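Chemist: heads up, no residue letters with this:
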């Protein structure tokens, strides 16, 4: 009689299932080890200890500082960089000064620099901007250098300690050194306990500065400040002046209006060296009355300069510097106000003095320049929405959602804001948010051109050029065998479009190509047919004739890879990538 | 009604998936386990793509802003992409090294070039001498182990795991190098180098984007044909006629405003030219169909869907060949010529530009058309009528859209694929009226009419069923690509479950999984990282496929119903 199989035999299906699970488990385990490798390698986001715990670590590095009534409020922005980054942010003379102040710390890779950038307006309307550089070292937090736009400079050698490495109640310290390598200083500090604020640990720091002024007289002051975790010094009172500075949220303090400096009188042909730092401009500059505003790339600072002649020397006076946080994506300007968007998903309203009036958090990053119309600023976000905010108060006015994301910024045409997404949907909206017209084409990736009457000219993803009128009707379609690279302008009956190899003129009514100017690299067009392309600056007439106004020169060809042209009052200015300004047409 | 829905779900969705990629009975347990892990990862990727906007909203960003453009991505995305690159490299290598020699060499060279470029671009002053040799040794081991696989004595699952470990070593080492570089130059070195690499690698995902266009079209056709089948067989002739009339009226109302606007823009002459052009295309398609069936009208071949997918893959890789070769050469050149003489660097540039030039692209497309036609003549002689029809009509649509669009436009024949749909609807309306007037509407004729009307709608707007996907993710341009990728992943892998002469099934399956995973990873990068130009490149490739071989498939499906070939059991 055959012997039956043991009843405990595992069925084949079960064995297969087990092997499948084992294989899946092993694969998953290997992947998870890989994930762990990436996690360990990622930049660590640890909560800092020692004095770093009390430094400004908020997501919003922008804080409006409220002061005593008799002193107008200032805007303070803070950023942390390494030595290299700080050097890149400073003009040559100031960079040299900074290296002197750092001494041996300049080559220490563990050293970080905190840059505090403040800007305020005095009773006479003059802007005072101050850059304070502080050293973050293993043995404490030190003030190194303070540079003010009125020329006042304080260099502390060795740096004076603001916080010791372990800032606990009962700690005290004394530093001695020289200010500006000339006058001695003694700086004493002590720490007491302070009550917590909003759940944050705080300390009370008292510092006493004894130094001499330029005439040799005593200059003493005692400052009582409160430092809280992650916020830095939230309140500081100077016993000598009685002034108290306290932090406030942007928009919580009314800053009042300020008049931008008017354009200085500049003779034609004047070449004004750059004050935009060594790295050059990363965004097309904008002009607000007498100011030229742009950003420097790696640092993400917003810089405003006032080109003028000082003691016979052409100078770009740095009027103010602010660090909005992250990197600046776009700057829009109108009526003395600027709207600035950043990679930190923020939209901010600045005035001509560099003070921040309001800050709005956006759900995503904006694309290109904000469009400003009738008191509102409109931004296209990568999440496919167009959002509008009041330019003065920052209050949100309206939102519309399109079908896809954006590759190009919204533009103003007549009384409308027009936006086009990458699926080809085009929306035109009034400043009050009421929709006006909608149209469809292939995806839009190139900058649009306003026809000034509520219509646009745009190039779709297939390369075809279309004009949509103020009712959203497609007036004409033209084939152009090149790519539009920037917004164009309309001069008379001709729409001038910058392309990758020149400027092309199209009849506005019918879309016929009427002329083409070649060999202009990365042309930038502005009102009236002004064009800057590499070293060439000129004016293009409606008939397609280029009248050269100037040929720019530079020590480096790279500086002329991208140039811009702007009007400033009666002047025509050409600006190269390094920030050098050439007066093409003067008063 | 519920019967209809149930049958629809079963026939359109369930059955193809059951017999598709995940029908793993013929594979060993270890391969099945790996497949399920990869499928789960694909599923997670699809979910993250669908949730791109909310995911971005709650993530920290890393950003690079310069005159070339802005790149702002969630911080987790860079290491995630490197991980996926390592995983797909391991799958692709483990699979391809078991297949035919030409494929082994091509893929080994490509993957090695990609990983070498990754390592080279991550080397910084800080990383030299501090374990910098590790990723190079790992890469050399990958190459050596791949040769070992050629002996066909290794186990596919073990091969994959070994290659995965080595690829992860390369990826993690590169990432550590990126982070070290970021800390030195205070710029997001990791984002810059990963973005640059992925721009180049996007070309490798274009063939998958192309075949996804066909997959998406096939899903649309399947929905339409199932609906047709149900209505014509399960519903009375009177009700079916009523449904048909409603469908026609609804379509007419939907397209009339757009048609009026287009005719207004084009004018009468050009509008008539568009109609003539569409009729010409349809006539040529009918001629191709007749030619394919003239040799002898019987066929025992697989269905048109299976054939179309099989033909689509070589078309995709041949059309994309210049871009693929050019980019692989660029990767090799960037690695080899780094820091070398100017002459070597300029030689690399010349080679890359030559292989990726417009001339090379045109030649590749011509080669596709010629190859399809020549193959069609051969298969016609063998009596493979359905395959012949697919080859010929694919060749026809590629020729018309790629080469003859301009000349036809010059002749005033401004047709479009959407115009084909309009003509199809018109033919449906006229035919209904004629048969209706003669009271000759049989169930078979109703089937024909439903096929024409519903598939004409698909010709007019191939992405209609992807619209909710686009709305959900706020990326309508990529919706069809995503639907095609998912459907292709689930259903196109059916052919990988059988051994063929030089292609064991395990190798085919792993290669399939790696290719699709890579394609979906690139789409995730484009969607979550808002890489608009990458997304446009992928979407336009899918759209190109829909317009050419997708339209061809729709036309074949219509012709198969209207002019059926006799079938032999």
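Modeler: Thanks, I have it. On a predicted model such as this, the values are computed, not experimentally measured, just so you know. Residues are numbered from 1 along each chain as shown, chains lettered A, B, ... in the order given.
Chemist: drop to CA atoms for contacts and neighbour counts, all remaining ones
Modeler: Noted.
Chemist: do you know how far the spatially most distant residue from the centre of chain B is from residue B:237?
Modeler: In chain B, residue B:438 marks the outermost C-alpha relative to the chain mean, sitting 44.8 Å out by Cα atoms, centre = their mean. According to Cα to Cα, to the nearest Å, residue B:438 and residue B:237 sit 15 Å apart.
Chemist: Let me see the confidence value for the residue farthest from the centre of chain B.
Modeler: The model reports residue B:438 with a pLDDT of 89.
Chemist: how close does it get to residue B:243?
Modeler: 19 Å.
Chemist: same deal with residue B:172?
Modeler: Relative to residue B:243, residue B:172 is positioned 59 Å away (Cα to Cα).
Chemist: likewise residue A:514?
Modeler: In this view, residue A:514 and residue B:243 are 54 Å apart by Cα to Cα.
Chemist: try residue A:538
Modeler: For residue A:538, the distance to residue B:243 - Cα to Cα - is 67 Å.
Chemist: Looking at those two now, which is surrounded by more residues?
Modeler: Using other Cα atoms under 10 Å in any protein chain shown, the more surrounded residue of residue A:538 and residue B:243 is residue A:538, with 22 against 15.
Chemist: Does that one touch residue A:544 like I think?
Modeler: No: contact between residue A:538 and residue A:544 fails when scored by Cα atoms under 8 Å: they sit 11.8 Å apart.
Chemist: In the stretch 451-569 of chain B, what residue comes closest to chain A?
Modeler: Sorted by distance to chain A under Cα to the nearest Cα, the residues of the stretch 451-569 of chain B start with residue B:475, at 4.3 Å.
Chemist: quick one: contacts for that residue?
Modeler: A:403, A:404, A:405, A:423, B:527 (Cα atoms under 8 Å, 6 or more residues apart in numbering or on different chains).
Chemist: what about 7 Å?
Modeler: A:403, A:404, A:405 (Cα atoms under 7 Å, 6 or more residues apart in numbering or on different chains).
Chemist: what about the residue of the stretch 151-300 of chain A found nearest chain B, how many neighbours?
Modeler: For the stretch 151-300 of chain A and chain B, the shortest gap (Cα to the nearest Cα) falls at residue A:282, measuring 5.9 Å. Neighbourhood size, residue A:282 [other Cα under 10 Å]: 22.
Chemist: Can you pull the phi and psi angles for it?
Modeler: phi -110, psi -10 (degrees, to the nearest 10).
Chemist: Let me know whether it touches residue A:296 as I believe.
Modeler: Yes: between residue A:282 and residue A:296 there is a contact under Cα atoms under 7 Å: 5.4 Å.
Chemist: And stretch A:458-477, what's buried?
Modeler: A:458-461, A:463-470, A:472-477 (16 or more other Cα atoms under 10 Å in any protein chain shown).
Chemist: Mind checking which of those are in strands?
Modeler: Those of the buried residues of stretch A:458-477 mapping onto strands are A:458, A:459, A:464, A:465, A:466, A:467, A:468, A:474, A:475, A:476, A:477, per DSSP state E.
Chemist: Would you mind giving me the confidence score for the third one?
Modeler: Okay, so that is residue A:464. Residue A:464 carries a pLDDT value of 93.
Chemist: contacting residues around it?
Modeler: Counting by Cα under 7 Å, 6+ apart, residue A:464 touches A:477, A:478, A:479, A:480.
Chemist: so who does residue B:358 touch?
Modeler: Contacts of residue B:358 by Cα under 7 Å, 6+ apart: none found.
Chemist: Look up how far chain A lies from it.
Modeler: Residue B:358 sits 14 Å away from chain A, going by Cα to the nearest Cα, to the nearest Å.
Chemist: in chain B, which spans are strands?
Modeler: Along chain B, counting by DSSP E, strands occupy B:61-66, B:69-74.
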